[in-house]
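[1] below is the sequence, then the predicted model.
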2 protein chains.
Amino acid sequence: MSEPAPPAAPSSSGDVGARIRADIIAGVHAPGTKLREVALAEQYEVSRIPIREALRSLEAEGLVESRKYSGSIVAPSPVEDAEDLFEIRIVLESATAKRAAKRAAELNASDTPDAKWRELRKEISEILDAGDIVIGQERFEDLAVLNMRFHFAVAELSGSLSFISLLRQISGKIEWLYSLNVTRRGPQAWPEHREIIAAIDAGQEAKAAEVMARHVRRSRDSYFAMMSDTDRPRTT
Amino acid sequence: MSEPAPPAAPSSSGDVGARIRADIIAGVHAPGTKLREVALAEQYEVSRIPIREALRSLEAEGLVESRKYSGSIVAPSPVEDAEDLFEIRIVLESATAKRAAKRAAELNASDTPDAKWRELRKEISEILDAGDIVIGQERFEDLAVLNMRFHFAVAELSGSLSFISLLRQISGKIEWLYSLNVTRRGPQAWPEHREIIAAIDAGQEAKAAEVMARHVRRSRDSYFAMMSDTDRPRTT
DNA sequence: GTTTAGAGTTTTGTATACAACCACTGAGAA
DNA sequence: TTCTCAGTGGTTGTATACAAAACTCTAAAC
């Protein structure tokens, strides 16, 4: 709660928004906390202007809530809308997986090689390999980042900017949620990603959608199982 | 392109963002146009600060695109991602309709009256009635607003803030798109809304989802039919 | 003729200063 | 005691001013 996270790189005030976001996810700024602009400006060593712009972005992401002349507060923990967030992921990501499979089928049919597709596909392979290594070394915090990158890469395979932008919209809360359960769910879930990619590669739209939906559903179940195990960590 | 829309109320610079959004939708700022902050500040008679904040919001909504030190430009016409937007509506709004039906079933089972539900339900009835009147008078521009209000009210019936926030996210583009087709599609589509509400009231989850999906699918088909009729109005 | 280096202009990003507004405290009256 | 209301402190919203980066146009060299 005290320090504003690892100052890490001097970062020159580069993207204060990213740092505040990370601090919210890490719990440095607890849900319900009032985010006073001058205080933040001092903590992050910039003026109020960048702080304000960052708060607007975070508001759009649903990580903070603002009212005119009343300031901003950290949004309630995503635990509150976990059910909703998982359902949203199920419908949106099923759709992206289905689309990606459709595009794969089209590319397989026509023999015109798509540079962007191949590049993305290569990146996904690298992400999957990196995930295997990370699991072997039990560095689960890195797995969280890789997981996000995988799901976004699939979304990009779909080629739909609207879907991507919408997923990015809730990515903050998803990451927030995921970070609570990665140790338990991560290693078990990772191999499922290869199933998803296999269905997409094969151009099987329905299967890709179904596998992705099942994948997210399992994440959801694992999450709620964890929540009932541990003492519910502040639902407020 | 010249005047920045009806100055309407003095509005005190109240919500410049809303005015800029309206102007983008109305075509005052054409897609691809560079939005220079000083120019906007003069047009809307405020300083650059509110302009910048408005641009951030519009960026989050996908109506403008920004790059650091490179400024903002009006996003490409939603015509580009019409297919995506309709698909997103199908999956998201089916989900909200399903949820609303589920809540209705629960409320019917337990006899505890939910004040918020009743209020929303009443508002929907009023919206539907108002729509009938507006259609009778052929004031279709008002229908666009009512249509948006109806779909948001259904989303609110679902009780899921995450879904609502996500729909609000793309509401700008949806409205932009809808405004191109309201005269043709509006009157025909309106009665379908009562079907949707009937399914929700009856607590029939699957049917509510299916009817909503069909409703949006018809909107999509009507839209594309219109697009192939008229000379495609600038796909760039 | 084409390309490249560079200075000048333009535009965005940031800091400081001031105005508008809200929330809270305290006193006074019912 | 409790309710009302005015004053005051503090926080956000906005305007002005300055710094940093990008774009552009010119001119010279290959």
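    Received, thanks. Numbers count the residues shown, from 1 in each chain, chains lettered A, B, ... in the order given.

[2] can I take it that A:Asp111 is in a strand?
    No. Using DSSP: H, G, I helix; E, B strand; the rest coil, the secondary structure at A:Asp111 is coil, not a strand.

[3] from A:Lys102, how far off is it?
    17 Å (Cβ to Cβ, to the nearest Å). To be clear about C-beta, it is placed using only N, CA and C from the backbone, and glycine gets the same treatment.

[4] more neighbours, those two?
    Neighbours around A:Asp111 and A:Lys102, counted as other Cβ atoms under 10 Å in any protein chain shown, are more numerous at A:Lys102. The numbers are 17 against 6.

[5] just the element for the more buried one, please.
    Element membership for A:Lys102 (DSSP states H and E) is helix A:82-109.

[6] what's the nearest residue to A:Gly159 if we skip its chain neighbours?
    A:Arg103 (5.9 Å; Cβ to Cβ, 6 or more residues apart in numbering or on different chains).

[7] pLDDT value on that neighbour, please?
    A:Arg103 carries a pLDDT value of 94.

[8] distance-wise, check it relative to A:His193.
    A:Arg103 is 18 Å from A:His193, by Cβ to Cβ.

[9] same question for A:Gly17.
    Distance from A:Gly17 to A:His193, by Cβ to Cβ: 29 Å.

[10] hmm, back to that, give the buried residues for the helix holding A:Lys102.
    Residues of helix A:82-109 classed as buried: A:82, A:84-104, A:107 (neighbour count, 16 or more other Cβ atoms under 10 Å in any protein chain shown).

[11] those: which ones sit near DNA strand D?
    When Cβ under 7 Å from any atom of the strand is applied, no member of the buried residues of helix A:82-109 is adjacent to DNA strand D.

[12] from chain A, which residue is nearest to DNA strand D?
    Using Cβ to the nearest atom of the strand, A:Gly71 is the residue of chain A that sits closest to DNA strand D, at 3.3 Å.

[13] in terms of helices and strands, where is A:Tyr203?
    Residue A:203: Gly, not Tyr. Per DSSP H and E, there is no helix or strand for A:Gly203.

[14] what about it, neighbour count?
    So A:Gly203, with other Cβ under 10 Å, has 18 neighbours.

[15] any idea how far the closest residue in space to it that isn't next to it in sequence lies from DNA strand C?
    Leaving aside its sequence neighbours, A:Gly203 sits nearest to A:Ala105 (Cβ to Cβ, 6+ apart; 3.0 Å). Separation of A:Ala105 from DNA strand C (Cβ to the nearest atom of the strand, to the nearest Å): 40 Å.

[16] now swap in A:Asn108 and tell me
    39 Å.

[17] ditto for A:Arg99
    32 Å.

[18] what's the nearest residue to that residue if we skip its chain neighbours?
    Closest to A:Arg99 by Cβ to Cβ, 6+ apart is A:Ser158, at 3.8 Å.

[19] same thing with A:Leu146?
    With Cβ to Cβ, 6+ apart, the residue lying closest to A:Leu146 is A:Gly131, at 4.8 Å.

[20] and after the strand or helix carrying A:Gly186, which helix or strand comes next?
    Assigning secondary structure by DSSP H and E places A:Gly186 in helix A:182-201. Sequence order places helix A:205-229 as the next helix or strand after helix A:182-201, per DSSP H and E.

[21] mind giving me the packing neighbours of that next one?
    helix A:82-109, helix A:182-201 (3 or more Cβ pairs under 8 Å, 6 or more residues apart in numbering or on different chains; DSSP states H and E).

[22] switch those over to CSV; also include distance to B:Gln204.
    Output for those, formatted as CSV (distance: least, Cβ to Cβ, whole Å):
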stretch, distance to B:Gln204
helix A:82-109, 19
helix A:182-201, 32
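
[23] which of the ones you listed has the lowest mean pLDDT?
    helix A:182-201 (a mean of 89).

[24] contact partners of that helix?
    A:97, A:100-101, A:104, A:124, A:128, A:131-132, A:135, A:140-141, A:143-144, A:147, A:150, A:154, A:157, A:207-208, A:211-212, A:214-215, A:218-219, A:222-223, A:226 (Cβ atoms under 8 Å, 6 or more residues apart in numbering or on different chains).

[25] filter these to the buried ones?
    Using 16+ other Cβ under 10 Å, the buried ones in the contacts of helix A:182-201 are A:97, A:100-101, A:104, A:124, A:128, A:131, A:135, A:140, A:143-144, A:147, A:150, A:154, A:157, A:207-208, A:211-212, A:215, A:219, A:222-223.
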